[in-house]
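1. Pasted the sequence and its predicted model underneath.
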Amino acid sequence: MGSVDQRTIDWDDGVVVLVDQCALPGEYRLLRLRTVAELIDAIQRLAIRGAPALGAAGALGVALAARHGVNVEGEAERLAQARPTAVNLAWGVRRALAKLPSGADAVLAEALAVLTEDEELCRTASGHAADLIRELCPRRPLRLLTHCNAGRLATVSWGTALGVVWHLHAAGEVEYVLVDETRPLLQGARLTAWELADVGVPYRVLPDVAAASALARGLVDCVVVGADRVAANGDVANKVGTYGLALAAARHRVPFLVVAPSSTLDEHTPSGDLIEIEERHADEVTSWGGVPTAPAGAPVFNPAFDVTPAELITAVVTERGPG
Ligand SMILES: CSC[C@H]1O[C@H](OP(=O)(O)O)[C@H](O)[C@@H]1O
């Protein structure tokens, strides 16, 4: 298992060090990246992923570029464009780039501040969400359902949706967590299950298509997920499948909570229909581990995210509390 003290992404004297999420759950290994090009590749392969973790990657990537001192603004733009949906990536890039006039050391200091703040913001936001679940859900212990991975691996350390689980589990308040496997890249089965097992939280992995019937059968007290971008009107972009989960939760009157640091709030995007949804490669859907799961050349629709309208969301919870 991984080291609890190891940050998902960190800086080591000019090297960006990150947990290689493509290798989990089979192998826990660290990648050491020295160039912006290497970091962009890791972001696009989802070796590093998750909105807050991408914010940290964006900031540290600018620190790398500033250290090399060649075409820093151009490198920063390439970083910001590496994945379009999570607002945090461009936010982290902008925040570090703003310090460039003060020099490379100032850029690095700002990037490291992003990492330190993220740990505290996610711990606080998930604490507020845990308190809200305690108010909304009378049953004890709690039965939770989550989609994709919004744990340590999606942030610098603590997590958002899974950060809620850590708070509740520490208080002995979790019966189990139902973990959507989250096709096509299986962040739930590969990463969330790995994190829950590492901490000793009871869980069961389920096919995404079984989540609605779990809700219909009364097996879930609350759904809790992360976010990649929250529009000004409260619409939420998150891993594809979140919208369908929210529809089923609303139908069965199960609270649906979104947990994110305020850096995921995007006041400049008025509504969810204006959020750019990343389309990913067809082979993520038509194969697994190099084994075809569809006819060669099968046409594919592979959006990495969807948008859940605000009216289906019980609350978006940040470090400032429920909103
Ligand atoms: C705490 S943000 C996690 C968020 O990011 C994931 O997307 P991806 O794995 O493609 O980076 C997913 O939407 C999670 O909810």
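-> Great, that's in hand.
2. mind giving me the domain split of the protein?
-> Here the domain parsing of the chain from automatic domain parsing is 2-118, 127-322.
3. Backbone torsions only: list them for the nearest residue to residue 19 once chain neighbours are set aside.
-> Nearest residue to residue 19 in three dimensions, chain neighbours excluded: residue 8, at 5.3 Å (Cβ to Cβ, 6 or more residues apart in numbering). C-beta here means a position set from N, CA and C on the backbone, and glycine is covered the same way. Main-chain dihedrals, residue 8, degrees, to the nearest 10: phi -60, psi -40.
4. Return the residues in contact with residue 8.
-> By Cβ atoms under 8 Å, 6 or more residues apart in numbering, residue 8 lies in contact with 18, 19, 48, 50, 53, 56, 152, 153, 154, 155, 156, 157.
5. beta partners of the first one?
-> In this case it means residue 18. residue 9, residue 31 (DSSP bridges).
6. what's the residue nearest to residue 142 when sequence neighbours are not counted in contact with, if anything?
-> If the residues on either side of it in the chain are set aside, residue 142 comes closest to residue 221, at 5.0 Å by Cβ to Cβ, 6+ apart. Contact analysis of residue 221 by Cβ under 8 Å, 6+ apart lists 133, 137, 139, 142, 143, 144, 254, 255.
7. are any of these buried, and which?
-> Applying 16 or more other Cβ atoms under 10 Å to those, the neighbour count classes 133, 137, 142, 143, 144, 254, 255 as buried.
8. does the ligand sit close to whichever strand or helix holds the first one?
-> Element membership of residue 133, judged by DSSP states H and E, is helix 104-136. No: if you take Cβ under 6 Å from any ligand atom as the test, helix 104-136 misses the ligand, and the best it gets is 7.8 Å.
9. Spell out which parts of the stretch 51-200 of the chain neighbour the ligand.
-> Going by Cβ under 6 Å from any ligand atom, the residues of the stretch 51-200 of the chain near the ligand are 51, 52, 148, 150, 154, 155, 160, 187.
10. Not counting its neighbours along the chain, what's nearest the last one?
-> Going back to what we said before, that points to residue 187. residue 149 (4.1 Å).
11. Same question for the third one.
-> If the residues on either side of it in the chain are set aside, residue 148 comes closest to residue 239, at 3.7 Å by Cβ to Cβ, 6+ apart.
12. How about the fifth one?
-> For residue 154, ignoring the flanking residues on the chain, the nearest one in space by Cβ to Cβ, 6+ apart is residue 50 at 2.5 Å.
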